[in-house]
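S.K.: coordinates only, no sequence provided:
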């Protein structure tokens with residue numbers, strides 16, 4: 001199978017949707033609804049609006065299954081792009097006239113970056129996600145994360161480093177304090 005070919009499930013799902021199989025839409029919804037809702041909620045900060053976006057996204061997919069181009073990436077990524085695009089459009093519409101164009105665009109950029117980070121974190125393998133959650137949500141340093149995960153300190157550092165590299169692709173980490181406690185630049189608690 002070529003490197004850029006979509007997973008078999010993605011191709012089959014697209015074919016089933018194109019045939020109008022309602023069960024396929026249900027399966028897709030079960031798999032991706034929480035992703036769509038969390039991305040929309042992250043951008044909009046509103047539960048009701050996120051619910052509406054979720055319905056709109058799956059309605060769009062049902063009506064336009066051929067809009068998915070497997071050459072552009074996975075079905076999951078496509079669904080996430082639709083959700084983020086819808087949410088950003090709704091945010092722009094809601095914020096129109098509430099402030100300057102620069103403020104609106106800054107808000108859109110921040111919301112989009114946060115949504116991308118959420119997507120990246122939820123897409124990470126469980127071991128990387130667990131290490132990052134301990135470091136950021138529970139403020140554990142790499143030694144504490146290693147103990148909590150029952151892995152070596154070297155493995156904890158490796159997982160945190162890889163997780164941070166993945167997150168950096170979303171352009172959401174602020175310079176300077178991007179690293180978790182005990183894992184930053186020299187002089188900021190970097191492990192020796």
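M.R.: Cool, the structure landed. These numbers come from a predicted model, not from an experiment.

S.K.: how many other residues sit next to the nearest residue to residue 143 once chain neighbours are set aside?
M.R.: Distances taken as CB to CB, 6 or more residues apart in numbering place residue 153 nearest to residue 143, at 5.7 Å, with adjacent residues excluded. Yep, even glycine has a C-beta here, placed from its N, CA and C like the rest. Residue 153: 15 surrounding residues under other CB atoms under 10 Å.

S.K.: and the pLDDT at residue 153?
M.R.: Residue 153 is assigned 93 on the pLDDT scale.

S.K.: okay, and the helix or strand of the protein with the least pLDDT?
M.R.: helix 101-123 (a mean of 81; mean pLDDT, DSSP states H and E).

S.K.: could I get the buried residue list for the next helix or strand after that one?
M.R.: Downstream of helix 101-123, the next assigned helix or strand under DSSP states H and E is helix 126-136. Going by neighbour count (16 or more other CB atoms under 10 Å), the buried part of helix 126-136 is 127-132, 134-136.

S.K.: quick one: which of those residues is nearest residue 157?
M.R.: Of all the buried residues of helix 126-136, residue 157 sits closest to residue 131, with 9.2 Å by CB to CB.
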